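mind looking at a prediction? Sequence and model below.
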Amino acid sequence: MEFGARRARGIDSSIEASKYAFIGGCIGTSNTYAGKKYNIPVLGTMAHSLVTEEKDEYEAFLGYAKANPNNCVFLVDTYDTLRSGLLNAIKVADNYLKPNNLPFKGIRIDSGDLAYLSKESRKILDEAGYKDTTICLSNGLDEYTIKDLISQGACFNSLGVGDNIAASCERVGGVYKLVAKEENNTISPRMKVSDNPIKTTTPGFKKVIRFYDKETGFARGDLIALNDEAINLDSYTLTHSTETWKKTTLTNYTIKELQVPIFKDGQRVYNIPSLKDSQDYCQKEYESFYPEITRLLNPHEYYVDLSDKLRNLKHNMILEFKGEEII
């Protein structure tokens, strides 16, 4: 679940974070406005404020249970997870939920040693007869801490991830630069040249092709080519973007052009998919990459190559700018 609204940099940012978190695979959001706007499932648990506003933790849980009788997920770490919060949650379940045939849906742990506390909580819940009660974990989670929780055998059914989705410390380094200009019905390439190779843009009107292995369905690499280039369907050699002696020759593949027209002649020609369709597409494409490529630690490098024609265009435009002989 995406829990990042309070960490996001502004209202619009929080809403868009919920949208793209859902597309990226989250099952829902705590942001009620984003849920209404984009039809994203709204999910969450009680807040610490609902516990601390009452003088007694048991009474706080009981009041929450009466207000949410079919969706009781108690936040048990406000004071002491194992010696207070969990025991009071079980007490409310015994005294109110069970006698009224209401479900004890779950608990959430938001601080402390999540692996240890979750395993101990699972034991206590099971011993109390609540084997179907779920455990949600939160508190500064990211892909690395989640992987670590799994490796430690933490017991959980769901995760709430906030700031590392809605306000990540890192950002994608990208800018817009002019790469082509239409002159007299002809596309003329343009580029920015810099002493910094990263800031030297790739010119021309381009397309992106992805190669898929016919036998496994896995993606083998991407090719950035000029828009009017024809791609060989029998064999293609991809070259490493900087270490050009590294090459891989592909055979027995299918190709797909990744870009599709959105606007043409000022009119939208694209049918915008539902958010759920976008999520399904994202998951399908993610699963088309080899596990060695998507692993967190030392992932295998995925080839993204320029076509020979595009590479030569870029190289010659740099030589032309510097007044050197074009190859």
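Arrived safely.

give me the most central residue, the chain.
With distances taken as C-alpha atoms, centre = their mean, the chain has residue 24 as the residue nearest its mean C-alpha position (3.8 Å).

spatially nearest residue to that residue, not counting backbone neighbours?
Closest residue to residue 24 in three dimensions, ignoring its sequence neighbours and counting by C-beta to C-beta, 6 or more residues apart in numbering: residue 282, at 6.2 Å. The way it works is simple: take the backbone N, C-alpha and C, and place the C-beta from them, glycine included.

helix/strand/coil for that neighbour?
Secondary structure for residue 282, judged by DSSP: H, G, I helix; E, B strand; the rest coil, is helix.

burial of it, as a residue count?
Applying other C-beta atoms under 10 Å, we find 15 residues neighbouring residue 282.

tell me how far it lies from residue 133.
If you measure residue 282 against residue 133 using C-beta to C-beta, to the nearest Å, the figure is 31 Å.

and stretch 137-150, C-alpha only, in CSV?
Taking C-alpha atoms only, stretch 137-150 is exported to CSV below (Å, rounded to 0.1, in the frame of the first residue of the first chain):
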residue,chain,number,x,y,z
LEU,A,137,4.4,-3.5,8.6
SER,A,138,5.4,0.1,7.9
ASN,A,139,8.1,2.6,8.9
GLY,A,140,10.5,4.0,6.4
LEU,A,141,10.4,0.9,4.2
ASP,A,142,12.1,0.7,0.8
GLU,A,143,13.1,-2.2,-1.6
TYR,A,144,16.2,-3.0,0.5
THR,A,145,14.6,-3.1,3.9
ILE,A,146,11.7,-5.1,2.5
LYS,A,147,14.1,-7.6,1.0
ASP,A,148,15.9,-7.8,4.4
LEU,A,149,12.6,-8.4,6.2
ILE,A,150,11.9,-11.3,3.9
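
what's the offset of that stretch from the middle of its chain?
The chain centre lies 14 Å from the centre of stretch 137-150; the measure is C-alpha atoms, centre = their mean, to the nearest Å.

need the contact partners of it.
Where contact means C-beta atoms under 8 Å, 6 or more residues apart in numbering, the residues beyond stretch 137-150 that reach it are 3, 108-111, 114-115, 118, 154, 156, 158-164, 296.

kindly recompute the last result at 7 Å.
When contacts are defined by C-beta atoms under 7 Å, 6 or more residues apart in numbering, stretch 137-150 is touched by residues 3, 108-111, 114-115, 118, 154, 156, 159-161, 163-164, 296.

narrow the residues you listed to those that are buried.
Buried by 16 or more other C-beta atoms under 10 Å: 3, 108-110, 114-115, 118, 154, 156, 159-161, 163-164, out of the contacts of stretch 137-150.

could you dump those into TSV with pLDDT added?
As requested, the buried ones among the contacts of stretch 137-150 are arranged in TSV below (pLDDT from 0 to 100):
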residue	pLDDT
3	93
108	95
109	96
110	92
114	96
115	96
118	97
154	97
156	97
159	96
160	95
161	94
163	84
164	88
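
narrow those residues to those in strands?
108-109, 159-160 (DSSP state E).

and those residues, which is closest to residue 79?
Each of these was checked against residue 79 using C-beta to C-beta; the closest is residue 109, at 12.5 Å.

who does that closest one form a beta bridge with?
Residue 109 forms beta bridges with residue 137, as assigned by DSSP bridges.

which residues touch it?
76-77, 81, 117-118, 121, 135, 137.

kindly recompute the last result at 6 Å.
Residue 109 sits next to 77, 81, 117, 137 when contact means C-beta atoms under 6 Å, 6 or more residues apart in numbering.

can you list the low-confidence ranges for the protein?
Along the chain, the parts satisfying pLDDT under 70 run over 170-175, 327.

how about 80 then?
168-176, 194-199, 241-244, 322-327 (pLDDT under 80).

all strands for it, in order.
In order along the chain, the chain carries the following strands (DSSP E): 73-75, 106-109, 134-138, 158-160, 180-183, 186-189, 206-213, 219-226, 235-239, 247-251, 253-257, 263-264, 267-268, 304-306.
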